[in-house]
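**Student:** With the sequence up front, the predicted model follows.
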Amino acid sequence: MKVAVVGAGPAGVRAVEQLVAAGLTPLWLDEAPDGGGRIYQRPPAQLSRDARRLYGFEAKRATALHATLDALKAHADWRPNTLVWHIDPHRRRLEVLSAGTQATLDFDAALLCTGAMDRVVPVPGWTRPGVTTLGAAQIALKTQGCAIGDKVVLLGTGPLLWLLAYQYLKAGARPAAVLDTTAFAHKARHAPGLLAGGAVFWKGLYYMAAVRAAGVPVYEGVRPRAITGAGDQVSGLAFETARGAARTLACDAVALGWGLKPEAQLADLAGVPFRFDADQHNWLPERDIAGRTPVPGIYLAGDGAGIGGADVAERAGARAALALLEDTGRPVPQDTVAALDAALARLAGFRTALERTFPFPADLARAVPDATLVCRCEAITAGDLRAAGGTPATGTARELNRAKAFTRLGMGRCQGRVCGPAGAEILAAALNREVAAIGRLRGQPPVKPVPLAEAAE
Amino acid sequence: MSVTDTEVLIIGAGGAGTSAALHLAQRGVPCVLLERGLVGGQASGVNYGGVRQQGRHPAELPIARRSMALWHRLVEIAGTDAEFTVSGHLKLARTPEEEAELVAYLDVARAYDLPLRLVGRNALHVDYPWLGPKVIAGSLAPEDGAANPRLLVPALARAARAAGAVIEEHAKVTELAFDGTLFQVAAGERRWRAAWLLNTAGFWGGTVAAAFDEAVPVQPLSPNMMVTEPIRYFIEPNLGVVGGNVYLRQIPRGNVIIGGGHGVSDPAVPWSRPAAEETRAAMALATALVPSLAGACVIRSWSGIDGEMPDHIPVIGPSRTTPRLIHAFGFSGHGFQLGPGVGAILSELVLDGATDVPLAPFDIGRWTARAA
């Protein structure tokens, strides 16, 4: 049996570990040069920062995961630097590009551990050079050891906002300010639900306390108004405080993000149905707690199956591999299965509390000014989208894929990965409908752009 | 269960169906257009966007000529030009045999007043220096062009509604009958009665025809389409080749739209998807045609469902079994340009009992010999 595992982050590594232990030699594909996923992304060899400084409290986990990854490479058909750009669930084939070389690979079962990316809300000026996502700023820090500017404002909400602020501090790149769109009172109200997270919760509190203790200006319950600047240079961030006062902070770079969203394109192309999850405020691929999907032979684990974080991903990867082994008639250790299921159930409760503590600011997305670009690839503004939900010559676009057809939102290089969530909110607001009622952008191959010369037959 | 009476029922809101609704409504005829999904959701909405006369079967040219006149009036008719541009259509030959086909078609074009200009090898590579060395001749149709298929049908539908037509989306027909006087049609709990029935249901037109005892050998056809990221605008004409295994055009915003081969589909869902190996084959053919495309990235690929007839031309005209039933389906992958004209023709068949375009070659009787 040929099992394909896509991804070598926490979920992928723990999945392959189980498959190899069962005597299989999985096909293992990952986009990065040396695995680790986004959270435990490895720096290039010439970068000398040690694991403790790169990963902080998570150094032990990162080191352990990297050690397992390195030990597993010899037992798998390991293919780093490989983009899986299409999956055909009927003929069970993957289309992949490995460092410029195309291949079509067969599989009997596929375990997709495709991870997550930042979720963005457009703010006027967000397309200016000097503005990145929180995740991109974190990757620059981890893999290049650099900050995105001298005076960096961090904006958004969620655990990553505070973690990055803390990591910047530790790296000697003190943020100019941290702006959280979630009010302090809201977070405090939901804190009791987070106690189930144990150490993760206490680490989160520690990050927040450390950032404040270092004297970094912190504003909570803010509404961003604009990232100002001239030409290709950021000069400030204008926002409204929780009390409604207009303020501007001088800065030369902004990192922003509002939680994460699954990179679920392969699951979509594999034909896995999606449902709207109210807590994550996003469409998630359907799967059971063990990672089984309604599509035979397709399993999901990690953030690509719904945001859960690295600790969940490690367990979910192992659990999905065990489900796959069990479904193909192989013996699996039932005590391990039971322990993983119990842990996953407990952590799911924590994740729900976390999502409620740091909610996606749908109201901010709905209020993006008409002139602001939503879709950067195709230069579609919020006003263009609202017009599609009005009465254009083509008639009203009553759902998101129609708006895509009429306006080109989500038709560019990113295929809606960046603009999708905010675009959906803007259209839903224009139609006076719930965002769950207007559908989701359909996935279309390739998952990411592929050069003609490389993919051609 | 309530029944809605109307004069003309139309099944299938592609280009032909919406144009028929528009033309009927403009002449004051009550009509209801039923669409199983959204208007322009299949072949008319997801095709390549070619607005092309060159290379058509001679029988189609009179319809194509009529339709082209409507394309030029689109802003007036539908409130948008649907990005229709007259860019010219350049059909290319890569072998002497293909060149001979281009030459032979000049006579066909002349007979139907379609302007064509043959461009020899030397002139071709001077006029279009970005063409690959394997291209040896071309035939330019200066009147032809392209449009955005995602916009045409929704715009025609909006105009039809404004003129008084009723268009019901998400209305999949579940019952079809003729009681000797009226057509009785149901979509789930909803029912309609009408004196006339127009079958513009694309691939599913075969199912409608079969309900009236005239089954035809229509097959699903799923064109394999893709588009690149925006690159410098340099390909002005819409490009095709003899044999049709690849076609591509660039829009002024820079994206290059490439078609070639066939995807996979399941009309029962309905569901369609490009086939990766066909996409990859089309990539190779496209870069042979225009070598500088090699470095461009494909960002998206797609397909849809059309109906293909064994002789590659549609069924258009009255039923052989049922009075006041008129078919127009099975456009075999090249109906986008024809749609507006076919709708006008259908309205004339209903209201005037005749049209100025010869329809004999499209008669459904060519497949239903028993009825004929």
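**Tutor:** That came in fine, so what should we check first?
**Student:** switch to C-alpha atoms for all contacts and neighbour counts from now on
**Tutor:** Fine.
**Student:** ok, the nearest residue to A:Arg346 once chain neighbours are set aside - contacts?
**Tutor:** Spatial nearest neighbour of A:Arg346, chain neighbours left out: A:Ala196 (7.3 Å); criterion: CA to CA, 6 or more residues apart in numbering or on different chains. Taking CA atoms under 8 Å, 6 or more residues apart in numbering or on different chains, we find A:Ala196 in contact with A:Arg346, A:Leu347, A:Gly349, A:Phe350.
**Student:** Model confidence at A:Leu54, what's the number?
**Tutor:** A:Leu54 is assigned a predicted lDDT (pLDDT) of 75.
**Student:** and it, what is it in contact with?
**Tutor:** Per CA under 8 Å, 6+ apart, neighbours of A:Leu54: A:Lys142.
**Student:** A helix includes it, no?
**Tutor:** Yes. Counting by DSSP: H, G, I helix; E, B strand; the rest coil, A:Leu54 is part of a helix.
**Student:** that older thread, could I get the contacts of A:Ala196 in CSV, plus columns for pLDDT?
**Tutor:** Putting the contacts of A:Ala196 into CSV (pLDDT from 0 to 100) gives the following:
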residue, pLDDT
A:Arg346, 90
A:Leu347, 90
A:Gly349, 88
A:Phe350, 88
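**Student:** who wins for most neighbours among these?
**Tutor:** Comparing the contacts of A:Ala196 by number of neighbours (other CA atoms under 10 Å in any protein chain shown), A:Phe350 comes first, having 21 neighbours.
**Student:** Secondary structure element holding that one?
**Tutor:** Assigned by DSSP states H and E, A:Phe350 falls within helix A:334-357.
**Student:** pLDDT averaged over the helix or strand just after that helix - what is it?
**Tutor:** Remark: after helix A:334-357, the chain's next helix or strand is helix A:362-366, criterion DSSP H and E. Computed over helix A:362-366, the mean pLDDT rounds to 95.
**Student:** tell me the contacts of B:Gly49?
**Tutor:** By CA under 8 Å, 6+ apart, the contact list for B:Gly49 reads B:Ala146, B:Ala147, B:Asn148, B:Pro149, B:Phe336.
**Student:** ok, the nearest residue to the second one once chain neighbours are set aside - contacts?
**Tutor:** Across the structure, with CA to CA, 6+ apart as the measure, the residue nearest B:Ala147 apart from its sequence neighbours is B:Phe84 (4.0 Å). Taking CA under 8 Å, 6+ apart as the contact definition, B:Phe84 lies against B:Trp71, B:Gly145, B:Ala146, B:Ala147, B:Asn148.
**Student:** Tell me the one among the contacts of A:Ala196 nearest to A:Ile148.
**Tutor:** Nearest to A:Ile148 out of the contacts of A:Ala196 is A:Phe350 (CA to CA; 31.7 Å).
**Student:** any idea how far chain B is from the closest one?
**Tutor:** Applying CA to the nearest CA, to the nearest Å, the value for A:Phe350 to chain B is 37 Å.
**Student:** CA atoms only for the worst-scoring helix or strand of chain A on mean pLDDT - export them in CSV, please.
**Tutor:** Least confident helix or strand, chain A: helix A:51-55 with a mean of 76, by mean pLDDT, DSSP states H and E. The C-alpha coordinates for helix A:51-55 follow below in CSV (Å, rounded to 0.1, in the frame of the first residue of the first chain):
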residue,chain,number,x,y,z
ALA,A,51,16.8,26.5,19.2
ARG,A,52,16.2,28.1,22.5
ARG,A,53,16.3,31.5,21.0
LEU,A,54,14.4,30.5,17.9
TYR,A,55,11.5,28.7,19.5
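**Student:** buried ones in the helix or strand just after it?
**Tutor:** Counting by DSSP H and E, the element after helix A:51-55 in chain order, helix or strand, is helix A:59-72. Across helix A:59-72, burial judged by 16 or more other CA atoms under 10 Å in any protein chain shown covers A:Ala59, A:Arg61, A:Ala62, A:Thr63, A:Leu65, A:His66, A:Leu69, A:Leu72.
**Student:** closest to A:Pro449 among those residues?
**Tutor:** A:Leu69 (27.6 Å).
**Student:** Contact partners for the closest one?
**Tutor:** Applying CA under 8 Å, 6+ apart, the residues near A:Leu69 are A:Ala8, A:Val13, A:Gly35, A:Gly36.
**Student:** hmm, back to that, pretty sure the residue nearest to A:Arg346 belongs to a helix, no?
**Tutor:** Yes. Counting by three-state DSSP, A:Ala196 is found in a helix.
**Student:** so how many other residues sit close to the residue of the stretch 301-450 of chain A found nearest chain B?
**Tutor:** Per CA to the nearest CA, A:Thr394 is where the stretch 301-450 of chain A lies closest to chain B, at 4.0 Å. Using other CA under 10 Å, the number of residues around A:Thr394 comes to 23.
**Student:** my guess is it is in a strand, correct?
**Tutor:** No. Counting by three-state DSSP, A:Thr394 is not found in a strand; it is coil.
**Student:** Verify the contact between it and B:Arg158 for me.
**Tutor:** Yes. In terms of CA atoms under 8 Å, A:Thr394 counts as a neighbour of B:Arg158; the distance is 6.2 Å.
**Student:** hang on, the earlier thing: in helices, which of the contacts of A:Leu69 appear?
**Tutor:** Among the contacts of A:Leu69, DSSP state H puts A:Val13 in helices.
**Student:** Of the contacts of B:Phe84, just say which sits nearest to A:Ala226.
**Tutor:** B:Asn148 (34.7 Å).
**Student:** who touches the closest one in this structure?
**Tutor:** B:Gly49, B:Ala82, B:Glu83, B:Phe84.
**Student:** what are the phi and psi values for the second one?
**Tutor:** If I follow you right, that is B:Ala82. phi 50, psi 30 (degrees, to the nearest 10).
**Student:** right, and it touches B:Ala147 too?
**Tutor:** Yes. At 5.9 Å, B:Ala82 counts as touching B:Ala147 under the criterion of CA under 8 Å.
**Student:** Overlap in contacts, those two.
**Tutor:** By CA under 8 Å, 6+ apart, no residue touches both B:Ala82 and B:Ala147.
**Student:** Which pLDDT does the model give the residue in the stretch 201-350 of chain A that chain B sits nearest to?
**Tutor:** The stretch 201-350 of chain A approaches chain B most closely through A:Leu269 (9.4 Å), counting by CA to the nearest CA. Listed pLDDT for A:Leu269 reads 97.
**Student:** Test my guess that it contacts A:Asp88.
**Tutor:** Yes. Between A:Leu269 and A:Asp88 there is a contact under CA under 8 Å: 7.3 Å.
**Student:** So these two - more neighbours on which side?
**Tutor:** A:Leu269 (21 against 18).
**Student:** next one: phi and psi at the residue of chain A most remote from its centre?
**Tutor:** Residue distances from the centre of chain A (CA atoms, centre = their mean) peak at A:Ala393, which lies 36.4 Å from the mean C-alpha position. For A:Ala393, the backbone dihedrals (degrees, to the nearest 10) come out as phi -60, psi -20.
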